[in-house]
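Asks: with the input below, show me the fold.
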Amino acid sequence: MASLAFVFPLTPGKTEEWRAWGEDIQGVRRSEYEEHRHMTQQCSHLDQIREVTPSANGCEDCLKTGDTWLHLRLCLTCGHVGCCDSSKNKHATKHFHATNHPIIQSFEPGEDWGWCYIDQVMLEFA
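Replies: All right, here's what the predicted structure looks like:
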């Protein structure tokens, strides 16, 4: 797994869809993102990140029910793969509520960010 570069807070409840520079990042414009980045807030759950093996090549729960998803998230405590909050089933968030595993990472190709549900901060991995 890549090393942590920095952590920054976002508006609570905006937990999905990291976008490229210059576009909205969770509804936060690039200039606001830069402000947040310089006022770094720490995640107090980094010690719960483990080397994990993904539980499936898609949303584990959607695969069981034959449903579909939009984007995938990987639990960095146990390796559960769940669908994002833009998916109708929101299995990654449901996994957090069931287990209290705090940190997920995008399981999408080319994306290297994470989210701490408890501290409500975005994580960027180097």
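Asks: run a quick neighbour tally on residue 108.
Replies: Using other Cβ atoms under 10 Å, residue 108 has 16 other residues around it. (C-beta placed from N, C-alpha, C; glycine too.)
Asks: report whether it is found in a strand, as I expect.
Replies: No - read with DSSP: H, G, I helix; E, B strand; the rest coil, residue 108 is coil and lies in no strand.
Asks: surely it and residue 69 touch.
Replies: No - when contacts are counted by Cβ atoms under 8 Å, residue 108 is not listed as touching residue 69 (11.0 Å).
Asks: pLDDT-wise, which helix or strand of this structure ranks last?
Replies: None of the helices or strands of the chain scores lower by mean pLDDT, DSSP states H and E than strand 4-9, at a mean of 46.
Asks: all strands for the chain, in order.
Replies: Along the chain, the segments classed as strands by DSSP state E run 4-9, 72-75, 81-83, 103-106, 113-116, 121-125.
Asks: nearest to residue 56, out of these?
Replies: strand 81-83 (4.9 Å; Cβ to Cβ).
Asks: hey, what's residue 74 bridged with?
Replies: residue 81, residue 105 (DSSP bridges).
Asks: tell me if I'm right that it and residue 52 touch.
Replies: Yes - counting by Cβ under 8 Å, residue 52 is a contact partner of residue 74 at 6.9 Å.
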